[in-house]
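Undergrad: turn this into a structure:
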Amino acid sequence: MSWPEFLRPLVFATILGTLQAESKPAPAPSPGDSAGFDLPVPEGMPVNGIKVPQYDENGKRLMLLEAAVAKKVNAQIVDMQSLKLEALDGDGRKIFVELPQAVFNLETRILTGDDTAKIYREDFEITGDSIEFNTKTRFGTLRGNVKMVISTEESFK
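TA: Model (predicted):
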């Protein structure tokens, strides 16, 4: 399906908006706090095969971050290779983000990637050249050569 150029941002925002639908806003982190999201990576040393879950105040898993290699550049910045992010949308369905290379800012909790980004769920797939994803607000922006494929129910039968 081809979308007119002016509708593409709206369609993308609608789909990403499902990540924050029916969810409570995350509490504002205090200075130096990562609001329950900690990456146990020592500064300057690469860690292979890291998996870091994030839970809400009731113990329900909100997100799982998995990277083949993670290296903390400084107290705020973590560089990751082969990143996979799994989150639940407002309807409880899993949504995935895959990045060959990513940088995560622990203070702002913004994840950026400047290599082919892929976001998908059972009924759609979006790819683009770069991504910026706020893990607190669950709002993201894809840029450059953005392509979206929407699957219908008939294609799953």
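
Undergrad: please make it C-alpha for all contacts and neighbour counts, starting now.
TA: OK.

Undergrad: what sits against the closest residue to residue 49 other than its chain neighbours?
TA: Leaving aside its sequence neighbours, residue 49 sits nearest to residue 68 (C-alpha to C-alpha, 6 or more residues apart in numbering; 4.5 Å). By C-alpha atoms under 8 Å, 6 or more residues apart in numbering, the contact list for residue 68 reads 48, 49, 50, 80, 81, 82, 83.

Undergrad: what's the most distant pair in those?
TA: Spatial extent of the contacts of residue 68 (C-alpha to C-alpha) is set by the pair 48 and 83 at 11.5 Å.

Undergrad: from the neighbour counts alone, determine which of these two ranks first.
TA: residue 83 (24 against 14; other C-alpha atoms under 10 Å).

Undergrad: ok so, going back, name the element the residue nearest to residue 49 belongs to?
TA: strand 61-72 (DSSP states H and E).

Undergrad: buried ones in that strand?
TA: For strand 61-72, the neighbour count (16 or more other C-alpha atoms under 10 Å) marks 63, 64, 65, 66, 67, 68, 69, 70, 71, 72 as buried.

Undergrad: now that strand: average pLDDT?
TA: Mean pLDDT, strand 61-72: 91.

Undergrad: can you name the element that comes right after it?
TA: Following strand 61-72 toward the C-terminus (DSSP H and E): strand 77-88.
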